[in-house]
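Student: Need coordinates for the below:
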Amino acid sequence: MKGNTGEKTYSCEVCGSTFSMNYLLQRHMRRHTGEKPYSCVICGMAFTEKYALNRHVRTHTGEKPYSCEVCDLAFSDKSALKRHVRTHTGEKPYSCEKCGFAVSHSSTLKIHMRTHTGEKPYSCEVCGLAFSQISIMKNHMQTHTGEKPFHCEVCGLAFLRKASLQSHVLIHTGEKPYSCDECGLAVSHSFSLKIHMRTHTGEKPYSCEVCGSTFSNSSNMRKHLRRIHTGEKPFSCEVCGFAFSSKYDATKHMRTHTGEKPYSCQVCGSAFSNSSGVKRHLRTHTGDKPYTCDFCGLAFSNNISKKKHMQTHTTERL
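Tutor: Next comes the predicted model:
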């Protein structure tokens, strides 16, 4: 319907939105009618907008006409380039109204908000478990199928997710390209550095819906929920059936069956099944003794030795 006054003279009869030109109104109406007049000649997928079709076609052609001026990384659409540029500028224009947490993308903010609302719109078709993100739900679905499509070329270990494989490969290369400006700690991934930085800032953006305990990362919050409140143990050993509340514990346990020792000492080459084992071992080379007795100040390389020593003081006081 065409109005009589004002700059936006075309209005939608369904929702009342107004537009300055008739073609904009017609384009908007497709949201209500569901009309998709633009179809891909390769796969037949239909779209309401021509620009959306053009962007989709690039998934077939591989064309990436938008390049980053900083690092030359190329993208298939302009919005993706704009989001990428923020990784260089550090711009975070979207902030949470609840806790002030700032992010670079609106979609990331939407996902973050679910940590406050508890919304979990994606459910597993097999077990009904609900998730806040569709990507997490898809990863979970693979726990039912047993599919592990990503394989390490060095040791052959298989993974559910590509990101997990990429993380694992760094065990072999030892590469740690990200370092903390505060203490110099070097880590393998940018997200690990981001989480580590919270040990300096004290930021804990994730809170438990049951008791209000706060956490620096979402995985620790989920572990807390399972261990303390729900008792849920969704990760089971395929060999002996023993169940665990965290995937990390289940993976570590599996190595007792497989004998896998993916962590090696850079000094002598001794191999270990978990990262904490290699850290303890390294102290035999460095002489580092970070654990001290509360009574006499004697120093130890590991907490177990310290606790055993502490018992000698307890016995003396009886």
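
Student: only C-alpha atoms for contact and neighbour calcs from this point on.
Tutor: Will do.

Student: so where's the stretch 151-300 of the chain shaky on pLDDT?
Tutor: Filtered on pLDDT under 70, the stretch 151-300 of the chain yields no residues whatsoever.

Student: Let me see the ranges of the strands in it.
Tutor: 158-159, 178-179, 186-187, 206-207, 214-215, 235-236, 243-244, 263-264, 271-272, 291-292, 299-300 (DSSP state E, counting those that start in this stretch).

Student: Contacts made by the third one with the rest, please.
Tutor: Think strand 186-187. 176-180, 193 (C-alpha atoms under 8 Å, 6 or more residues apart in numbering).

Student: please redo it, this time with the cut-off set to 6 Å
Tutor: 176, 178-179 (C-alpha atoms under 6 Å, 6 or more residues apart in numbering).

Student: per-residue pLDDT, residue 39?
Tutor: At residue 39, the pLDDT value in this model is 91.

Student: Could you tell me which residues make contact with it?
Tutor: 45-46.

Student: and if we set it to 10 Å?
Tutor: 45-50, 53-54, 56-57 (C-alpha atoms under 10 Å, 6 or more residues apart in numbering).

Student: what's the farthest-apart pair in the residues you listed?
Tutor: 48 and 57 (14.2 Å; C-alpha to C-alpha).

Student: Looking at this protein, which helix is longest?
Tutor: Looking across the chain with DSSP state H, the single longest helix is helix 303-317.

Student: what's in contact with it?
Tutor: For helix 303-317, the external contacting residues (C-alpha under 10 Å, 6+ apart) are 280, 289-296, 298-300.

Student: Please list only the buried members of those.
Tutor: Buried by 16 or more other C-alpha atoms under 10 Å: 289, 291-293, 299-300, out of the contacts of helix 303-317.

Student: that older thread, could you save the contacts of helix 303-317 as TSV and add columns showing distance to residue 32?
Tutor: Shown next, in TSV, are the contacts of helix 303-317 (distance: C-alpha to C-alpha, whole Å):
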residue	distance to residue 32
280	63
289	68
290	65
291	66
292	69
293	71
294	70
295	74
296	76
298	74
299	71
300	70
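
Student: of those residues, closest to residue 237?
Tutor: residue 280 (26.1 Å).

Student: Show me the protein divided up by domain.
Tutor: 92-159, 160-258, 288-318 (automatic domain parsing).

Student: And the pLDDT at residue 68?
Tutor: pLDDT at residue 68 comes out at 90.

Student: Next one: it from residue 74, what distance?
Tutor: 6 Å (C-alpha to C-alpha, to the nearest Å).

Student: where do the contact lists of those two overlap?
Tutor: With C-alpha under 10 Å, 6+ apart, residue 68 and residue 74 have common neighbours 81, 84.

Student: could the strands of the stretch 151-300 of the chain go into CSV alongside distance to residue 312?
Tutor: Converted to CSV, these look like this (distance: least, C-alpha to C-alpha, whole Å):
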stretch, distance to residue 312
strand 158-159, 46
strand 178-179, 41
strand 186-187, 38
strand 206-207, 40
strand 214-215, 36
strand 235-236, 39
strand 243-244, 34
strand 263-264, 34
strand 271-272, 30
strand 291-292, 14
strand 299-300, 14
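
Student: out of the ones you listed, nearest to residue 24?
Tutor: The nearest among the strands of the stretch 151-300 of the chain, by C-alpha to C-alpha, is strand 206-207 at 41.6 Å.

Student: How about the contacts made by the residue positioned nearest the centre of the chain?
Tutor: The centroid of the chain falls nearest to residue 191 when counting by C-alpha atoms, centre = their mean (7.6 Å). Taking C-alpha under 10 Å, 6+ apart, we find residue 191 in contact with 178, 197.

Student: can we see that at 8 Å?
Tutor: Contact analysis of residue 191 by C-alpha under 8 Å, 6+ apart lists nothing.
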